[in-house]
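*Asks:* Just to be clear, the model below is a prediction. Sequence and coordinates:
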Amino acid sequence: MVCRPQARGSTNADEKKVDKHRTMVNMKLARVIAHRGCKSLAPENTLASIRAAKRVGANFVEVDVLLSKDKVPIIHHDVSVDRCTNGKGALRDLTSNEIFQLDAGSWFSPEYSGEKIPSLIEILDLCKELDVVVNVEIKHATERCYDIPTTEQAAEERELA
C-alpha cells in the first residue's frame, strides 16, 4: 500500500473511496496484451494462439479480421493466405468453407498440424469462455495499408466495419 498525504479537508472515508475506485479501474485495464494471440508459442490468429496467450497470463488479445468471398468474418492477418497456411491466393477470393479446410498450423510447427483459421464467432466464443478481452482489428482490403482501395475494396471494408 502506498502512503499518500491526506488532502486538507478530506477524510479517511474519502481516501478509501478513491483507492477503491483506483483499484476497480486498474483491474479493468489490460495487463498483458497478446498480439495475434501468443504468436511466439502457437500459430498467429488461431484458437491455439488465444489459448496459449491465456496460459501465459494475457487477459487481452488482439486479432485481425477480413471477409471471405461469402462475407464471413475470418480471423487472419494477411490479405493472402500464402504465408500462414498451406493455401494460395487472396482470402477474399475464397469461401469460408475453403478457408476452414486450410492448415494454418504446419508452417509454425508439426505440433500444430491441422490447426484451422477461425471465424470471428469462434474467437469471440473462446475469449468469452476464457474470460479474455478481445480487440478486433478490421484489416484493409488492400495489400498494403497505405494503398488507396479500389471501389470494390472500399465497399468490402465498409461492409466489414
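*Replies:* The structure has been received and is ready for your questions.

*Asks:* ok, R92 to D103 distance?
*Replies:* When C-beta to C-beta, to the nearest Å is the yardstick, R92 and D103 sit 20 Å from each other. For every residue, glycine as well, the C-beta is placed using N, CA and C.

*Asks:* Which residue lies nearest the spatial centre of this protein?
*Replies:* With distances taken as C-alpha atoms, centre = their mean, V63 lies nearest the centre of the chain, 2.0 Å away.

*Asks:* For that residue, give me its contacts.
*Replies:* Contacts here follow C-beta atoms under 8 Å, 6 or more residues apart in numbering; on that basis V63 touches R36, G37, N45, I50, I75, I123, V134, N135, V136, E137.

*Asks:* did I read that right, it in a strand?
*Replies:* Yes. Counting by DSSP: H, G, I helix; E, B strand; the rest coil, V63 is located in a strand.

*Asks:* Tell me the confidence at it?
*Replies:* The per-residue pLDDT reported for V63 equals 96.

*Asks:* Going along the chain, name the helices of this structure.
*Replies:* Counting by DSSP state H, the segments of the chain that form helices are 12-28, 47-55, 96-100, 120-130, 151-160.
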